[in-house]
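Undergrad: pasting the structure only:
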């Protein structure tokens, strides 16, 4: 049995910290803001890992310069994507999902990185969920009333 409160939460999201959908949105927004920025910055320092090892040779042959230079550009894109999620999550979620799709393709071209590709698939689905939730919490957007509440 669904309570009126939970039905209203699904049809009329608000920015109340007690709203479970808003909590999910904020968790995803925070994660997809911080992670791309941290990983993007680390492309310049290689403290977390040796990032050029994650560039498939086929992709490396397509991009100009060295694998390290390619990773520097990747870092810039990731920082920009994280900032986009912070300020426009309804767009940034889709951008991060598309970026992750590209990363997945790259990883599938490297034998032994299939587990990381699978993890990134899960992250891509989460980024899509963020984008969908973000549409409900956009400032100035009034969600449509359900048929049940319209009468």
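TA: All right, it came through fine. Note that the coordinates shown come from a computational prediction; the quantities given were computed from them, not determined experimentally.

Undergrad: which residues does residue 72 contact?
TA: Residue 72 sits next to 43, 44 when contact means CB atoms under 8 Å, 6 or more residues apart in numbering. Quick note: C-beta positions are derived from backbone N, CA and C, even for glycine.

Undergrad: Roughly how far does the most centrally placed residue in the chain sit from residue 44?
TA: The residue lying closest to the centre of the chain (CA atoms, centre = their mean) is residue 127, at 3.5 Å. According to CB to CB, to the nearest Å, residue 127 stands 23 Å off from residue 44.

Undergrad: got a pLDDT number for the residue nearest to the centre of the chain?
TA: Predicted confidence (pLDDT) for residue 127: 98.

Undergrad: And the one 5 residues further on, by the same measure?
TA: With respect to pLDDT, residue 132 has a value of 96.

Undergrad: One more: residue 8?
TA: 40.

Undergrad: residue contacts, the closest residue to residue 100 other than its chain neighbours?
TA: Leaving aside its chain neighbours, residue 100 sits nearest to residue 124 (4.0 Å; criterion: CB to CB, 6 or more residues apart in numbering). By CB under 8 Å, 6+ apart, the contact list for residue 124 reads 97, 100, 101, 104.

Undergrad: do the same with residue 112
TA: Going by CB under 8 Å, 6+ apart, the list of residues near residue 112 is empty.
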